[in-house]
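here's a sequence, model it:
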Amino acid sequence: MDDTTETGEANSGQADETNSLQSAASSYLRSAQHQPVRWHAWGADAFERAKSEDKPILLDIGAVWCHWCHVMDRESYENPAIAAIINKFFVAMKVDRDERPDVDARYQAAVSAISGQGGWPLTAFLTPDGRPYFGGTYFPPDERYGRPGFGRVLQTMAQVWRDRRDEALESAASVMAAIEHNESFSGRGGELSLALVDKIAGFGSQPKFPHPAALDLLLELAMNRDNEQARDAFVTTLEKMARGGVYDQLAGGFHRYSVDERWVVPHFEKMIYDNTELLRNYVHGFQSFVRADFLETAGEIIAWLDSTMTDRERGGFYASQDADISLDDDGDYFTWTLDEARAVLDSEELEFASRYWDIGELGDMHHNPAKNVLHVKQSLEEMAGQRGDVDALRTLRDAARAKLLAARSQRPTPFIDRTLYTGWNAMGVSAYLDAARVLRMDAAREFALLTLNRILDEAWDGAENLFHVIAYSDGAAPSEKIAGSLDDYAFTVHACVDGWFGTGNMNFYRVAVKLADVMIARFYDETAGAFFDSAAPVAGATTLGVLAARRKPLQDSPTPAGNPTAVSALLRLETLSGKKHYREIAEDTLDNFAGIVEHFGLYAGSYGLALERLLLDPVQVAIVGSGVEAFRLEATAIARFGVNKTVMRFTPDELVPGGIPEGLAETLLQVPAPAGAEAWALVCRGRTCLPPITSAEELLKALEEGD
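This next block holds a predicted model:
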């Protein structure tokens, strides 16, 4: 059973004693510190105890935002009778999937091989050395939902280890073989072509998770290949998502996913990576179509992130916000009965809100049919066609929204996990810098740079080591550094490149190159090609559990996959630095998956974008100068999204050796400034540049002729 909603630390048990998780930094682990189960955090101590006592390991993997994780906590792990069985027959280990994505990814693959499905909570039974011999997701305490009761499962798995150990070891061996086969595949044999990109684009049915990379891929096909079907799919999806209940109609920001095809009923947790990536979709949509509704949604996402999900003083994007206050509600903080709305709004506002957000006596939630998920049933323009004008209706909407939001703020607020993860923060930096440039938001730019500097100050040692956690929810720095994954490095390279584009600060560019080189050295498979998600074990070091299994991530789930993200980072750097080996590694990595990637469909959106970067000549637009004309040139260059288009702005003083990346210097420093021009633009496609352009009209013509 996949996770659905969440709860926070308030759901911990009430046992008199704490277990070893009391000293954990993770919010999810600390939420279990009072449970009667003798939990261990992931580490050598737990494995050594299991070996010395010859006991199997019970592994629980979950997250602080995961509703069913906390249901299983309350039903089973806080049950003294079930805890007694666990403590007698098992060594119990609990893992936070956000804190240890490397552990989660491998045991998800193992449990999927055993049961055919994964998700959270992940429940696995391991040999003392960490090889899984049985597993599943949520187990109820008693037999229900067609699932065996957890107490019986525990007794059976203990008996298997005690009396039928050969079966357990044989099962563990076959599961390990399946993991190693599935995680180390090669898909060479396909052709790297634009036709392959076309095969990747597509959409699925319920439940509806957002797929930001796939959306940007659709926009790329719409803008650069005049694909009307892709354009319609992109626009319609952004419209329906922003109008749906999957979008928080009062505060802004997207919930994690929708359980229906209309985007109406969501699971209510909010993840930082969903919101930063969807922010980019709406920014790119506005950039391409100049639609006021896309601009409004982008602005609301930023406003929610600024107010709720960011450390305004030091920089940083928080990890997640829970869906619920307790296990007895289901998004009650975010939903409304008609009576609740009536108590807040006057009669005119209530009449409007009932029609606009579809608030009625019969709502949308199974646990409480009176609860309504606010979603836009009719747009303001559609309502104005029946009566009233749009401006008056907008004023009414804003007044009603303000009152409902103020009333909602008096409710107990779902827990926010303030942990700062490096990769997710780097994604936030890139999204804010993107928004700052397109939407002319200086505040977003400044916060992005504050966050980027915090990443480099606190999560990087200045040399080879980038760490996965910047700070935990209590603001404390990690006492034990968790090694950064491929994702952490690749997203941070992107953030540094974006930091250079946003500031011209060459330090960001130099850090990007340094981190890219470390990423290649640490994760790239020189023999077979493509990138592993984690570094090879240090010679002589003990590898715990299944961490020795090597993975080469291709699928976007839920964030853009590590391999295509790394490829895009290298291709961006190649155009700036002129370093050919970046492109060679990028091309070989894409080739590694070309024979299988089309079967991943919309889960390979980031691969499709990376392939576009490889196959299409990069378009570089350099704006030199200041003043009104420079502003007009830059605005013209930014219009229309293109994954392979970069827009840079320089002052004449910056165009000196060492002041810009090496690859750019080969062209920009060779072009004389037009005589008497206050500002000018240079357009380069691949290695070919047009003569300098001094007017926005000429620049627009040059860009359109190249499409």
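
residues in contact with the residue nearest in space to the middle of the chain?
Closest to where the C-alpha atoms of the chain average out (C-alpha atoms, centre = their mean) is residue 273, at 3.1 Å. Counting by C-beta atoms under 8 Å, 6 or more residues apart in numbering, residue 273 makes contact with 424, 427, 558, 559. The C-beta positions use only the backbone N, C-alpha and C, and glycine is treated the same way.

do residue 619 as well
Taking C-beta under 8 Å, 6+ apart as the contact definition, residue 619 lies against 642, 644, 645, 646, 683, 684, 685, 703, 706.

same check on residue 615?
192, 193, 194, 197.

just how off-centre is the helix or strand encompassing residue 275 within its chain?
Residue 275 is part of helix 272-289 when elements are defined by DSSP states H and E. The chain centroid and the centroid of helix 272-289 are separated by 13 Å under C-alpha atoms, centre = their mean, to the nearest Å.

low-confidence bits of the chain, can you list those?
Confidence mapping of the chain against pLDDT under 70 gives the ranges 1-17, 182-186, 203-207, 707.

now residue 295: closest residue in space, sequence neighbours ignored.
With C-beta to C-beta, 6 or more residues apart in numbering as the measure, residue 286 is the residue that lies nearest to residue 295, at 4.7 Å, once sequence neighbours are left out.

list the contacts of that neighbour.
With contact set as C-beta under 8 Å, 6+ apart, residue 286 has these partners: 294, 295, 298, 438, 439.

which of the residues you listed tops the neighbour count?
Neighbour counts for the contacts of residue 286, by other C-beta atoms under 10 Å, peak at residue 298, which reaches 29 neighbours.

wait, what's in contact with that one?
Taking C-beta under 8 Å, 6+ apart as the definition of contact, the neighbours of residue 298 are 279, 282, 283, 286, 435, 439.

if we go to 6 Å?
By C-beta atoms under 6 Å, 6 or more residues apart in numbering, the residues touching residue 298 are 279, 282, 283.

what of residue 91?
46, 49, 50, 55, 57.

can you get me a residue count around residue 81?
Here the neighbour count serves as a burial measure; for residue 81 (other C-beta under 10 Å) it reads 10.

oh sorry, the question was meant for residue 347
8.

before we move on, the earlier item: can you flag the buried ones in the contacts of residue 298?
When neighbours are counted using 16 or more other C-beta atoms under 10 Å, the contacts of residue 298 contain these buried positions: 279, 282, 283.

residue 528: which of those is nearest?
For the buried ones among the contacts of residue 298, the closest approach to residue 528 (C-beta to C-beta) belongs to residue 279, at 36.2 Å.

isn't the closest one up against residue 301?
Yes. Distance between residue 279 and residue 301: 4.7 Å, which falls inside the contact criterion (C-beta atoms under 6 Å).

quick one: the helices in the stretch 551-700 of the chain?
In the stretch 551-700 of the chain, the helices defined using DSSP state H, counting those that start in this stretch lie at 562-577, 580-593, 605-615, 628-638, 662-668, 696-706.

residue 448 in helix, strand or coil?
The three-state assignment at residue 448 reads helix, by DSSP: H, G, I helix; E, B strand; the rest coil.

ok, the closest residue to it other than its chain neighbours - how many residues close by?
Excluding the flanking residues, the one nearest residue 448 by C-beta to C-beta, 6+ apart is residue 432, at 3.7 Å. As a burial measure, the neighbour count of residue 432 was computed by other C-beta under 10 Å and equals 33.

what do you get for residue 394?
Residue 394 is surrounded by 12 other residues when neighbours are defined as other C-beta under 10 Å.

now do residue 700
16.

list the contacts of the closest residue to it other than its chain neighbours.
Nearest non-adjacent residue to residue 700, counting by C-beta to C-beta, 6+ apart: residue 636, 5.3 Å away. Residues counted as contacts of residue 636 (C-beta under 6 Å, 6+ apart) are 696, 699, 700.

would you format those residues as TSV with distance to residue 420 included?
As requested, the contacts of residue 636 are exported to TSV (distance: C-beta to C-beta, whole Å):
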residue	distance to residue 420
696	41
699	40
700	41
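
picking up where we left off before, residue 232: which of the buried ones among the contacts of residue 298 is nearest?
Closest approach to residue 232 among those (C-beta to C-beta): residue 282, at 16.9 Å.

would you confirm that that closest one contacts residue 293?
No. Proximity of residue 282 to residue 293 does not meet the contact threshold set by C-beta under 6 Å, at 8.9 Å.

joint contacts of the two?
With contacts taken as C-beta under 6 Å, 6+ apart, residue 282 and residue 293 have no neighbour in common.

please tell me how far residue 18 sits from residue 594.
52 Å (C-beta to C-beta, to the nearest Å).

a markdown table for the contacts of residue 91, including neighbour count and distance to residue 511?
As requested, those are exported to a markdown table (neighbours: other C-beta atoms under 10 Å; distance: C-beta to C-beta, whole Å):
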| residue | neighbour count | distance to residue 511 |
| --- | --- | --- |
| 46 | 23 | 37 |
| 49 | 16 | 42 |
| 50 | 23 | 42 |
| 55 | 19 | 46 |
| 57 | 24 | 40 |
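
counting only strands, which of the residues you listed make the cut?
Taking DSSP state E, the ones among the contacts of residue 91 that sit in strands are residue 57.

the contacts of residue 91: which two are farthest apart?
Of all pairs drawn from the contacts of residue 91, the greatest distance, 10.4 Å, lies between 46 and 55 (C-beta to C-beta).

re the thing from before, buried subset of the contacts of residue 615 as a ChimeraX selection?
The command below creates a ChimeraX selection of those among the contacts of residue 615 that count as buried (16+ other C-beta under 10 Å):
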select :197
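
name the nearest of the contacts of residue 615 relative to residue 323.
Residue 323 has its nearest neighbour among the contacts of residue 615 in residue 197, at 35.7 Å by C-beta to C-beta.

and the closest one, what element?
Element membership of residue 197, judged by DSSP H and E, is helix 194-200.

sorry, back to before: for ChimeraX, what selects the buried ones among the contacts of residue 273?
Command for ChimeraX, covering only those of those found buried under the criterion 16+ other C-beta under 10 Å:
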select :424,427,558,559
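
closest one to residue 382 out of the contacts of residue 273, please.
Of all the contacts of residue 273, residue 382 sits closest to residue 558, with 32.7 Å by C-beta to C-beta.

look up how far residue 236 lies from that closest one.
Computed with C-beta to C-beta, the distance linking residue 558 and residue 236 is 22 Å.

okay, buried residues for stretch 577-592 please.
When neighbours are counted by 16+ other C-beta under 10 Å, the buried residues of stretch 577-592 are found to be 577-579, 582-583, 585-592.

residue 237: how many residues sit nearby?
Applying the criterion other C-beta under 10 Å, we find 20 residues in the vicinity of residue 237.

could you look up the SS state of it?
Under the three-state scheme (three-state DSSP), the conformation of residue 237 reads as helix.

give me the nearest residue to it, chain neighbours excluded.
With C-beta to C-beta, 6+ apart as the measure, residue 215 is the residue that lies nearest to residue 237, at 6.3 Å, once sequence neighbours are left out.

wait, that neighbour sits on residue 282?
No. In terms of C-beta under 6 Å, residue 215 does not count as a neighbour of residue 282; the distance is 9.6 Å.
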